[in-house]
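1. I'd like to go over a predicted model; first the sequence, then the structure.
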Amino acid sequence: MAISARQRVAAFWDAHVEAWLGGDDHLPQQIEEWFDSYVGAGPGEVTRAGFPEPYHGDLLGLEHTPRMVVLGLNPGEFRPRFQGRDGIFAEEIRQLGAYSTWATTCPYNRPPWTLPEEMGRNKYYLARLEFTRRWLQDPDADHRDLLIFECYPWHSKAITAPLKPPPRIIEEFVWQPLAELPVQDVFAFGRPWDGVALALGLPELGRLGAGGTDYGSGVPSRAVRLYALPSGQRLVIEWHAGAAGPPSAKETVLLREALSRG
């Protein structure tokens, strides 16, 4: 019986993270080019002192099939206390038995990460969870409904160089598993994602807001770019001046109406 793309990707990362936790820092050939595709300097320098985090959420649908997919750039700053080999999250993965299982537990929106004496409230994640609830029009939607995939799975404090992941690797590790999920639109927030879409050679479907067709947004700088994914799904990239987060409740309604009109 053939395995699904989601099973294949989950199994790959489970094996890689397990080996890393055991002290093996070797990069499998399949992802070596991916790691080399970004070279940041200063705060953008990449570290492998923390385990890679390619996605967060229930990729396999073990408890609940995700209804929203959001793309991120990378997992952010490395925190040794949590992501190092002897860190809190590393130990949680060991106890749970696999990265894919740990990723379903919403680790960045629960204690100990969210304790005041640790990292505190996770504004990044909560903004995307609230957007999920607004978009689905379901106030009870929770972390099981939201799946986040990273463009680049390794840690750095900032992004200081263009992200140009190899298209064939993104196809294998991101687009193929996402194609198995019941979502029409995949969302990405922040202007850098427009550069990523161009680097990946995705066909552009349309432009809304700034630099495109007016769709009623009350924010003059808000721009929306639409790209076709190989699966037939649609990538929706949104950004506006001064922020890289999801749109407000009112703006979400306008965007949904615009996208429903094609």
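-> Okay, I see it.

2. When you work out contacts or count neighbours from here on, use the C-alpha atoms and nothing else.
-> Fine.

3. residue ranges with poor pLDDT in the stretch 1-150 of the chain?
-> Counting by pLDDT under 70, the stretch 1-150 of the chain has low-confidence residues at 1.

4. Report all helices and strands that the longest helix anywhere in the chain contacts.
-> Among the segments of the chain that qualify as a helix by DSSP state H, the longest is helix 5-21. Applying 3 or more C-alpha pairs under 8 Å, 6 or more residues apart in numbering; DSSP states H and E, we find helix 5-21 packed against helix 99-102, helix 176-179.

5. Can you list the neighbours in contact with the last one?
-> Contacting residues not belonging to helix 176-179 are listed as 4, 5, 6, 9, 231, 233 [C-alpha atoms under 8 Å, 6 or more residues apart in numbering].

6. Okay, strands next: where are they in the stretch 51-200 of the chain?
-> 55-56, 68-72, 146-150, 185-189 (DSSP state E, counting those that start in this stretch).

7. Could you dump those strands into CSV and include distance to residue 42?
-> Output for these, formatted as CSV (distance: least, C-alpha to C-alpha, whole Å):
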stretch, distance to residue 42
strand 55-56, 25
strand 68-72, 21
strand 146-150, 21
strand 185-189, 24
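
8. Comparing those strands, which comes out most buried?
-> Most buried of these, by mean neighbour count (mean count of other C-alpha atoms under 10 Å): strand 55-56, with a mean of 25.

9. Tell me where the chain has helices.
-> 5-21, 29-36, 80-83, 88-96, 99-102, 123-136, 167-170, 176-179, 192-199, 249-260.

10. Reformat these as JSON lines; add mean neighbour count.
-> Formatted as JSON lines, the helices of the chain follow (neighbours: other C-alpha atoms under 10 Å):
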{"stretch": "helix 5-21", "mean neighbour count": "18"}
{"stretch": "helix 29-36", "mean neighbour count": "13"}
{"stretch": "helix 80-83", "mean neighbour count": "17"}
{"stretch": "helix 88-96", "mean neighbour count": "16"}
{"stretch": "helix 99-102", "mean neighbour count": "23"}
{"stretch": "helix 123-136", "mean neighbour count": "17"}
{"stretch": "helix 167-170", "mean neighbour count": "15"}
{"stretch": "helix 176-179", "mean neighbour count": "20"}
{"stretch": "helix 192-199", "mean neighbour count": "18"}
{"stretch": "helix 249-260", "mean neighbour count": "14"}
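
11. can you redo those as JSON lines with distance to residue 146?
-> Output for these, formatted as JSON lines (distance: least, C-alpha to C-alpha, whole Å):
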{"stretch": "helix 5-21", "distance to residue 146": "15"}
{"stretch": "helix 29-36", "distance to residue 146": "24"}
{"stretch": "helix 80-83", "distance to residue 146": "22"}
{"stretch": "helix 88-96", "distance to residue 146": "20"}
{"stretch": "helix 99-102", "distance to residue 146": "14"}
{"stretch": "helix 123-136", "distance to residue 146": "7"}
{"stretch": "helix 167-170", "distance to residue 146": "19"}
{"stretch": "helix 176-179", "distance to residue 146": "12"}
{"stretch": "helix 192-199", "distance to residue 146": "19"}
{"stretch": "helix 249-260", "distance to residue 146": "17"}
